[in-house]
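1. Let me see the structure of the following:
(3 chains)
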Amino acid sequence: MTALSPSLSPPARRLPKPFSWPVLVAGLAIVAVEMTLGAQVSEYYLLLAYIILQYVVLSTGWNILGGYAGYVNFGTAGFFAVGCYTTIALEKLAAVPLPLAILAAGVVAGLIGLGTGYLTLRLRGVFFSIATLALAVVLQTLIVNWSFVGGSRGAYVMRPDAIAPFASYVQYLLVVMTVLAMVAVLAAIAIERSWIGMGLAAIRDDELAAEASGVPGLRLKLLATTLCGAFMGMAGAPFPYFITYVDPPSAFSLAIAVNAIAMPLIGGTATWWGPVLGAVLLGFTQQVLTVTISSAANLLIVGILLVVFVTVAPTGVVGITRAWRGRRA
Amino acid sequence: MSRPILEARGVTKQFGGFTALDGVELAIGPGERVGLIGPNGSGKSTFVNCLTGALTPEKGAIHFLNEDVTALPAWQRARRGLVRSFQIPRPFKKLSVIENVQVPLRFALSEPPPTGIDRRAMDILDSIGLDAKANWAPKDLSQVELRKLELGRALAANPRLLIADEAMAGLSDSEVDEIVALLERLNGEGIAVILIEHIMRAVMRFSQRIVVLVAGRKIADGDPAEVMRHEDVERAYLGQ
Amino acid sequence: MNFSWDLLLNAVTSGIMLGGFYAAVAVGITIAFGMLDIVNIAHPAFMVLGAFLAFLSINTLGIDPFLSALGFAAIAFVFGRYFYRAYYHFFERRGDDSLQGLAFFFGIMFIVEISLVLIFGVDYRLIDLPYLATTYEIGIVQIPLRLAAPCLAGVAMLVAIQFYLSRTFTGRAILAVAQDLEAVRFVGADPIRTKEIAFGIAMASAIVAGVLLIIIQSVEPSIGREFIGRAFAICVLGGMTSLPGTLLAAMILGIAETMTSTFFGPSWSPAVAFGLLLLTLAFKPSGLLGR
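-> Model (predicted):
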């Protein structure tokens, strides 16, 4: 919802169209750039872009539930890992094409989100949050004990040969992740601008009053939980091909757990572009800093930024810019 | 009285060992104006919560428009026209005034309003006198405007029965008159109203019938003047 | 899975001992989350901090961890008071943002955990107390002092806090806060100060639990996350606000875990708490002793 200000002329504000053509065009333009430049630049840049886009998907997925409905999912790393291991399990069974593995990962992670939500969303929101925290631990326990996908030893995944028209498999992965990010953002926009987003916003502001206004609280929350889980799972599905060796600590990574929350909260949870901005800003900074300082120190900085933002700037970068522009206007 | 639209039978609600409602019976006819009164802690709010689905009673049944709604969640009752407003205004804080009214228009109606949601939302704001503040944030509204928004949002759900839970607490005399006039106008459109209120002047002016709850039991139900002469009611009110 | 009475009896015994320790972990969650409605998911991270403090105190200063625990707990109490005041200032006073508050504790949890990684590395640390090396044998049941002492200390701490809550003015005010914030004003206590003290106690209990943790098992910085599910499962199962309930639920979880560990393998035991938490939330959210 846009910023509210007292105004004297009150035209009935219309919601913009749920489908965003500009985002689609921008997404396709990025794909075009990747197709033309992807074969010429060093692989480092492709990997960098992949990581940032992966964070765009995670952060956007988190925000569908966290930002729009106000329910905090702490289990991003768990959902991401479910995606990873869906791909690994499928790869052990048959040569499944990547898009199919991504869909499967979305279904599995979405169902886990739905199940967790179904059991806990009737209660206060914090119980859902606590359940997702515990869920990440229990999923890790399951994977560690499941030797078919490598157990605690981990699993090697062979990167297939490049598929035409891509110059390399990494380029293919990057394009796939770009499309996924585009789909996630388009979905977030569609929710934000439709009656679903309005219902979720009502739930976020006052659940009891929302129900009294006819909003089917549990159903909408379950929808958001499922989508949130599904996008996180889909973001994880190509990851095994990206790093080629997956073990539980790399799939259930600390970096993903903290970034998926820090990015939308630092970017701003009220609109779709807050999480995207947060993912790009934080993702880029971390990749640059990793060269100079350790990844643990990196995460420490993210954690501190998260705490600083939620205490002094709860509306995020987007909110700060808006307030700043509002003051100048 | 013609066939009631709302019937509560033997509604009993307990919190731990405390019985908040003890077999309360109530029938409301179409278009009726009923005042529900009782001292603090008598179970009025609990009763409203049970009727509208925010709480589930341990015993008893609630029928609305010839349908057993006892097991239905709050949002489904709202969609059937059993609508409430809240004692303390609970606007959707991050939505604008008009969006607050659009939520029930989008969610509580079985079919979209013939004039469209935006038009209908403006009409409702117009009827509660908030049309000039459609794009304001709820935090910028005054207390009486928040009460009106609360009623406007309930009105948007197209109620057959509106339960107004202390819609006037803390308002000035003239503001109370404004709200009573608004409720009377809604009632004129055929909406039955249950008014829960401490301000006796408003209750006596508005109600055709008064129901008294004391300690979770209904002790009186009938003509306002007679009910107020009832000795149990006198004792409950003067004796406390 | 090979069953024998010998194994079963030993599993139950070590489950009870583990439960005593879990009670020490969960008592702070019951106070902070159950009574004060502060979702301190960083509690187990502070516990791990306590474990590393104990490690430092014996290895660099040569002070017995039980002794230094008292000192650290006192510091943690004061720190907890200020911590709550900051939390109140930034979140509770603002009122409407549970999302921000949750993310805040999540961030704190990470800061504590990653700081420990940067200082101590990711290796497992253990301390060795010679006087706890004994193992008593009663019939076929083995009672290692290394488990029994933390159990007794944990239960003692819980009982002491329960006495404090039920017998002192401030303690009763804390219980009143748990019921209803307005009730506290009637009692004549300042609700903010009351909550400050309660949170201080919770924070101190986390540090003490950490000392007990490193006596029982080796510790690395991220181990706290395994205890989030456990501590909250115990708190909810115990009925949110009841310390006797917490103790009972801790024992149940301890026994369930050692049984799982004995009969299915230790790698499954972290899943038990989650199952218990989900079952409780789904079927009995009012807890064991709830009506």
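2. Quickly note the distance from C:L276 to chain B.
-> Going from C:L276 to chain B by Cβ to the nearest Cβ, to the nearest Å gives 24 Å. Yep, even glycine has a C-beta here, placed from its N, CA and C like the rest.
3. Give the buried residues for the strand or helix carrying C:T194.
-> C:T194 belongs to helix C:191-216 when assigned by DSSP states H and E. Neighbour counts using 16 or more other Cβ atoms under 10 Å in any protein chain shown place C:191-192, C:194-216 of helix C:191-216 among the buried residues.
4. what do you get for stretch A:123-140?
-> Residues of stretch A:123-140 classed as buried by neighbour count (16+ other Cβ under 10 Å): A:125-140.
5. Equivalent analysis for stretch A:103-117, please.
-> Across stretch A:103-117, burial judged by 16+ other Cβ under 10 Å covers A:103-110, A:112-117.
6. Please work out which residues outside it touch it.
-> A:73, A:75, A:79, A:82-84, A:86-87, A:90, A:96, A:128, A:131-132, A:135, A:139, A:221-222, A:225-234, A:236-237, C:278 (Cβ atoms under 8 Å, 6 or more residues apart in numbering or on different chains).
7. Go through chain B and flag its longest helix.
-> The residue-count maximum for a helix in chain B (DSSP state H) belongs to helix B:173-188.
8. Can you tell me which helix or strand of the chain has the lowest average pLDDT?
-> Chain wasn't specified; assuming chain A. helix A:316-328 (a mean of 85; mean pLDDT, DSSP states H and E).
9. That was the other one, I meant chain C.
-> Per mean pLDDT, DSSP H and E, bottom of the list for chain C is helix C:181-187, a mean of 64.
10. tilt between the helix or strand encompassing B:L195 and helix B:173-188?
-> For B:L195, the element it lies in under DSSP H and E is strand B:192-196. With axes from the mean of the first three to the mean of the last three Cα atoms, to 10 degrees defining the directions, strand B:192-196 sits at 150 degrees from helix B:173-188.
11. which other helices and strands contact strand B:192-196?
-> With contacts defined as 3 or more Cβ pairs under 8 Å, 6 or more residues apart in numbering or on different chains; DSSP states H and E, the packing partners of strand B:192-196 are strand B:33-37, helix B:44-52, strand B:161-165, helix B:173-188, helix B:200-206.
12. in the stretch 151-291 of chain C, which spans are helices?
-> Along the stretch 151-291 of chain C, the segments classed as helices by DSSP state H, counting those that start in this stretch run C:169-179, C:181-187, C:191-216, C:225-237, C:243-264, C:269-283.
13. Out of these, which one sits most buried?
-> Among the helices of the stretch 151-291 of chain C, the stretch with the highest mean neighbour count (mean count of other Cβ atoms under 10 Å in any protein chain shown) is helix C:225-237, at a mean of 28.
14. Please find the angle between the direction vectors of it and helix C:269-283.
-> Using the same axes, to 10 degrees, helix C:225-237 lies at 30 degrees relative to helix C:269-283.
15. what's helix C:225-237 in contact with?
-> Helix C:225-237 is touched from outside by A:127, A:130, A:133-134, A:136-138, C:22-23, C:25-26, C:28-30, C:33-34, C:41, C:43-44, C:47, C:113, C:245-246, C:249-250, C:252-253, C:270, C:273-274, C:276-277, C:280-281, C:284-285, C:287-288, with contacts defined as Cβ under 8 Å, 6+ apart.
16. what's the answer for stretch A:166-174, then?
-> Contacts for stretch A:166-174 (Cβ under 8 Å, 6+ apart): A:34-35, A:38-39, A:43, A:46-47, A:49-50, A:53, A:98, A:159-163, A:175, A:238, A:241-242.
17. Select from these every entry located in helices.
-> Among the contacts of stretch A:166-174, the members falling in helices are A:34-35, A:43, A:46-47, A:49-50, A:53, A:98, A:175, A:241-242 (criterion: DSSP H).
18. Next, the buried residues of stretch C:153-171.
-> C:153-155, C:157-158, C:161-162, C:165, C:171.
19. On the three-state scheme, the residue of chain A found nearest chain C is what?
-> Closest approach between chain A and chain C, counting by Cβ to the nearest Cβ: A:A134, at 3.1 Å. Under DSSP: H, G, I helix; E, B strand; the rest coil, the three-state class of A:A134 is helix.
20. for it, what are its contacts?
-> With Cβ under 8 Å, 6+ apart, A:A134 has these contacts: C:228-229, C:232-233, C:273-274, C:277.
21. Need the pLDDT of B:S142.
-> According to the prediction, B:S142 has pLDDT 91.
22. Can you get me a residue count around it?
-> 10 (other Cβ atoms under 10 Å in any protein chain shown).
23. So which of the contacts of stretch A:103-117 belong to strands?
-> If you go by DSSP state E, these have nothing in strands.
24. Just the buried residues of those.
-> Among the contacts of stretch A:103-117, those classed as buried by 16+ other Cβ under 10 Å are A:73, A:75, A:79, A:82-84, A:86-87, A:90, A:96, A:128, A:131-132, A:135, A:139, A:221-222, A:225-234, A:236-237, C:278.
25. Start from the N-terminal end of chain B and give the helices.
-> B:44-52, B:74-79, B:97-107, B:117-127, B:143-156, B:173-188, B:200-206, B:224-229, B:231-238.
26. do the same with the stretch 1-150 of chain C
-> C:5-29, C:43-56, C:65-87, C:98-120, C:145-167.
27. so what's the closest residue to A:V126 other than its chain neighbours up against?
-> In this structure, A:V126 finds its nearest non-sequential neighbour in C:V39, 4.9 Å apart by Cβ to Cβ, 6 or more residues apart in numbering or on different chains. Applying Cβ under 8 Å, 6+ apart, we find C:V39 in contact with A:126, A:129-130, C:32-33, C:98, C:101-102, C:105.
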